[in-house]
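Trainee: could you work out the structure for the sequence below:
(one chain, ligands or ions: 1)
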Amino acid sequence: MSTDPRKLKKGWKVAMSKMAESTFNPIRSIVDGMTLIPHPDKAMIALSIGDPTVFGNLPLPVTCEEAVQESITKRSYNGYCPSVGYTESRQAVADYVSTPTSQVDASDVVLTSGCSGALEMVIACLADPGQNILIPRPGFSLYKTVAVSLGIRVKHYDLLPERSWEIDLQQMENLIDDDTAAIVVCNPSNPCGSVFSEEHIRDILSTVARHRLPLIADEIYEHFVFNDYKYHSFASLSEDVPILACGGLTKRYLVPGWRMGWIVINDRHDALSEVRIGLQKLSTRILGPNTLIQAALPRILRDTPESFYTETLDYIQENARVFYSTLRETPGLQPVMPQGAMYMMVGIDMESYPEFKSDVDFTQRLVTEESVFCLPATCFEYPNFFRVVLTVPKDKVVEACQRIRQFCEIHFQPTLHINRNGCPVTDGNHHNGYHTGEELAAEAGK
Ligand SMILES: Cc1ncc(COP(=O)(O)O)c(C=O)c1O
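Mentor: Down below sits the predicted model:
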């Protein structure tokens, strides 16, 4: 380093790293760019935040609270833990996720800071800069945020609203190239609220198996499915495809702030022996998630009463029904009935709203005029839709539905056209929803 005064830096400007510079969260940047001024006479109803705790209407299971209190009073969990997590906590996760066809044990589990930590670690472990991963569209934005900041490219495969958001497998397969390192799937889905059938999961697995690729299964909404549907983990149906499943307490247990996540290594054909070492290495960068929550894990996963899960799901499912039945009768909207998770996607027939340039514009005006904030699906790389969150208190759901409907009735300009279901939509035809699973089954049986 030169000490020549002419070569010394003059100012105090410190540059950020390339990695920081390339870190981009589309939700933040789109929402921060919106002018969100609610109507002065109407209380704001935020249907945008995927945090089930914000309204205080969904109580935590007492077991969870007691388990964490016990961690504190025991005074044994204040020190560093092994970087992949305590063995008993990892075993608890292994017991929780194991099925008769996919048995794992503590050595297959890495505990992480939230499911986000799990996703970041598996993406970093599987792909090098310049390689690519396949991710869903519409999809949770973190996959791209993490990948791009690591110099990994993303390619989007399409989910099909008219098929309850199943993957367009042909299009997905066409995207695979020599640089593809992994495929990310999300089931149940944020933002779609879809739950893949066993048959569809098997089809996805055989497509992926042909290319000998590993799957990153984002299963943060595991078991979070409505009455008529059944949850299958990808690992439980995989004979050949190695799967890194990412999960956590966040959604099912309604504790996003606890930041408790995990990776479950579901190896097949010993394909992941190197990756296993890679994950172990990466875990030494942070040294595991919060020890108090880790220590509470066995009790939380084992002792939470079944009634907690069913009550939470019933509440959310009922909200989904209210949203769907109102919005499908609303001119120019095309809701897709969810099957699980906490969200519903609603299509906007933009031709019928010529005064709005985009879903961002539409949702912004909905705030200005009705104080209802829905997330524009441009945030999920899927324009002309918006997403509503289903964990909102019931009275707010009813009120929000009325306000959305009023807004649409004011701005709707009737047009004659074919909607996404292939049906002609004429003036006054307000039954625009994508078919529910039951309706499709009934159609098929005709
Ligand atoms: C699909 C999906 N994956 C992962 C996450 C991140 O979960 P966590 O808060 O545990 O990091 C979320 C959170 O909203 C999500 O919706």
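Trainee: near the ligand, which residues of the stretch 251-400 of the chain are found?
Mentor: Within the stretch 251-400 of the chain, the positions adjacent to the ligand are 256, 261 by C-beta under 6 Å from any ligand atom. For every residue, glycine as well, the C-beta is placed using N, CA and C.
Trainee: just the strands in the stretch 251-400 of the chain please.
Mentor: 260-266, 333-336, 343-348, 372-373, 375-376, 385-389 (DSSP state E, counting those that start in this stretch).
Trainee: just send those strands back as TSV, with mean pLDDT and mean neighbour count too.
Mentor: As requested, the strands of the stretch 251-400 of the chain are exported to TSV (pLDDT from 0 to 100; neighbours: other C-beta atoms under 10 Å):
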stretch	mean pLDDT	mean neighbour count
strand 260-266	98	26
strand 333-336	97	25
strand 343-348	98	24
strand 372-373	98	24
strand 375-376	97	26
strand 385-389	98	27
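Trainee: can you give me the neighbour number for the residue of the stretch 301-446 of the chain found nearest the ligand?
Mentor: Using C-beta to the nearest ligand atom, residue 341 is the residue of the stretch 301-446 of the chain that sits closest to the ligand, at 7.8 Å. Residues near residue 341, counting by other C-beta atoms under 10 Å, number 26.
Trainee: can you tell me the centre-most residue of the chain?
Mentor: In the chain, the centroid-proximal residue (C-alpha atoms, centre = their mean) is residue 190; its distance is 3.3 Å.
Trainee: contacts only, for that residue.
Mentor: 50, 140, 220, 221, 341, 342, 343 (C-beta atoms under 8 Å, 6 or more residues apart in numbering).
Trainee: pull out the buried positions in stretch 348-360.
Mentor: If you call a residue buried by 16 or more other C-beta atoms under 10 Å, then stretch 348-360 has these buried ones: 348, 349, 350, 352, 353, 356, 359, 360.
Trainee: who's in contact with the residue nearest to residue 355 when sequence neighbours are not counted?
Mentor: Using C-beta to C-beta, 6 or more residues apart in numbering and skipping residues adjacent in sequence, the residue nearest residue 355 is residue 411, 6.3 Å away. Contact partners of residue 411, counting by C-beta under 8 Å, 6+ apart, are 353, 355, 356, 365.
Trainee: and residue 411, how far from residue 310?
Mentor: Residue 411 sits 39 Å away from residue 310, going by C-beta to C-beta, to the nearest Å.
Trainee: rewinding a little: tell me the pLDDT at the residue of the stretch 301-446 of the chain closest to the ligand?
Mentor: We note a pLDDT of 97 for residue 341 in this prediction.
Trainee: where does the stretch 1-150 of the chain come near the ligand, residue by residue?
Mentor: By the rule C-beta under 6 Å from any ligand atom, the part of the stretch 1-150 of the chain lying against the ligand is 50, 114, 115, 116, 140.
Trainee: now those residues in CSV, with secondary structure, distance to residue 178 and neighbour count?
Mentor: CSV is the format used below for these (DSSP: H, G, I helix; E, B strand; the rest coil; distance: C-beta to C-beta, whole Å; neighbours: other C-beta atoms under 10 Å):
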residue, secondary structure, distance to residue 178, neighbour count
50, coil, 36, 20
114, helix, 33, 21
115, helix, 29, 26
116, helix, 29, 20
140, coil, 26, 23
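Trainee: export the strands of the stretch 251-400 of the chain to JSON lines and tack on distance to residue 14?
Mentor: Shown next, in JSON lines, are those (distance: least, C-beta to C-beta, whole Å):
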{"stretch": "strand 260-266", "distance to residue 14": "32"}
{"stretch": "strand 333-336", "distance to residue 14": "47"}
{"stretch": "strand 343-348", "distance to residue 14": "40"}
{"stretch": "strand 372-373", "distance to residue 14": "36"}
{"stretch": "strand 375-376", "distance to residue 14": "34"}
{"stretch": "strand 385-389", "distance to residue 14": "38"}
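Trainee: out of these, which comes closest to residue 169?
Mentor: Counting by C-beta to C-beta, residue 169 lies closest to strand 333-336 out of the strands of the stretch 251-400 of the chain; the figure is 19.1 Å.
Trainee: helices or strands next to that closest one in the packing?
Mentor: For strand 333-336, the contact count by 3 or more C-beta pairs under 8 Å, 6 or more residues apart in numbering; DSSP states H and E identifies helix 306-327, strand 343-348 as packing neighbours.
Trainee: quick one on the thing from earlier: show me the buried residues of stretch 348-360 that map onto helices.
Mentor: Counting by DSSP state H, the buried residues of stretch 348-360 place 359, 360 in helices.
Trainee: now, the most widely separated pair of the buried residues of stretch 348-360?
Mentor: 352 and 360 (17.2 Å).
Trainee: secondary structure element for residue 184?
Mentor: Element membership for residue 184, per DSSP states H and E: strand 180-186.
Trainee: which other helices and strands contact that strand?
Mentor: helix 114-126, strand 132-137, strand 215-218.
Trainee: and the following helix or strand past the second one, which residues are buried?
Mentor: What it means is strand 132-137. Downstream of strand 132-137, the next assigned helix or strand under DSSP H and E is helix 142-149. Across helix 142-149, burial judged by 16+ other C-beta under 10 Å covers 142, 143, 144, 145, 146, 147, 149.
Trainee: stretch 397-410 too?
Mentor: By neighbour count on 16+ other C-beta under 10 Å, the buried set for stretch 397-410 is 397, 399, 400, 401, 403, 404, 405, 407, 408.
Trainee: tell me which element the fourth one falls in.
Mentor: Right, the one you point to is residue 401. Using DSSP H and E, residue 401 sits in helix 394-411.
Trainee: send the alpha carbons of that helix over as CSV?
Mentor: Written as CSV, here are the backbone C-alpha positions of helix 394-411 (Å, rounded to 0.1, in the frame of the first residue of the first chain):
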residue,chain,number,x,y,z
LYS,A,394,-63.1,-12.7,9.8
ASP,A,395,-64.8,-9.2,10.2
LYS,A,396,-62.0,-7.7,8.2
VAL,A,397,-62.3,-10.3,5.5
VAL,A,398,-66.0,-9.5,5.1
GLU,A,399,-65.3,-5.8,5.1
ALA,A,400,-62.4,-6.1,2.7
CYS,A,401,-64.5,-8.2,0.3
GLN,A,402,-67.3,-5.5,0.2
ARG,A,403,-64.8,-2.8,-0.4
ILE,A,404,-63.0,-4.6,-3.2
ARG,A,405,-66.3,-5.3,-4.8
GLN,A,406,-67.4,-1.7,-4.6
PHE,A,407,-64.1,-0.6,-6.1
CYS,A,408,-64.4,-3.0,-9.0
GLU,A,409,-68.0,-2.1,-9.7
ILE,A,410,-67.1,1.5,-10.0
HIS,A,411,-64.1,1.0,-12.3
